[in-house]
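Novice: Model the structure of this input:
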Amino acid sequence: MAAAGSSMLYSLLLFVATLSLQEMFRAKLASSELFTILGGFTSSLIFLTLLTFIGNYQETSGGKTGWGAVIVAELVALIAAGTVHRVCITTCFLFSAGLLYEVNKLSAATDSKAKRY
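Specialist: As a prediction, the model looks like this:
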């Protein structure tokens, strides 16, 4: 398992790279229906990497991660999706909800495994 500091750095780098590439290919992502859905998916990846960054930052600073981190990460991802196309906002929200469900499930499984040992 990666340390919180290195995971924070990698998630920040992935956040910046994903956001930059999405903004560079904004016109292409808005050109068709399929690319619009892809734009929403890339925005949900922005949500995931930013959520990882915020969670690791709060863990290293001694705070506790809660719903505030989820809301901030989702708002940033939705704003980034809105710069591409209006439909990207909806698909980003749906993909982000699915990713959040899977992250929560993974976190619960990891937490219960850590409490057993």
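
Novice: can you count the residues close to the residue nearest to Ala2 when sequence neighbours are not counted?
Specialist: In space, Ala2 comes closest to Tyr10 once its chain neighbours are excluded; the distance is 7.5 Å by Cβ to Cβ, 6 or more residues apart in numbering. Backbone N, C-alpha and C define where each C-beta goes, glycine included. Neighbours of Tyr10 under the rule other Cβ atoms under 10 Å: 15.

Novice: what do you get for the one 5 residues further on?
Specialist: For Phe15, the number of neighbouring residues by other Cβ under 10 Å comes to 23.

Novice: Check which residues of the helix or strand where it lies are buried.
Specialist: Secondary structure from DSSP states H and E places Phe15 in helix 4-24. Buried residues in helix 4-24, defined by neighbour count with 16 or more other Cβ atoms under 10 Å: Ser7, Met8, Ser11, Leu12, Leu14, Phe15, Thr18, Leu19, Gln22.

Novice: Quick check: of the residues you listed, which lies closest to Leu45?
Specialist: Of all those, Leu45 sits closest to Thr18, with 5.3 Å by Cβ to Cβ.

Novice: Show the contacting residues for that closest one.
Specialist: Going by Cβ atoms under 8 Å, 6 or more residues apart in numbering, Thr18 touches Thr42, Leu45, Ile46, Thr49.

Novice: Could you do Thr42 as well?
Specialist: Contacts of Thr42 (Cβ under 8 Å, 6+ apart): Thr18, Leu21, Gln22, Leu29.

Novice: For it, give its distance to Ala109.
Specialist: 27 Å (Cβ to Cβ, to the nearest Å).
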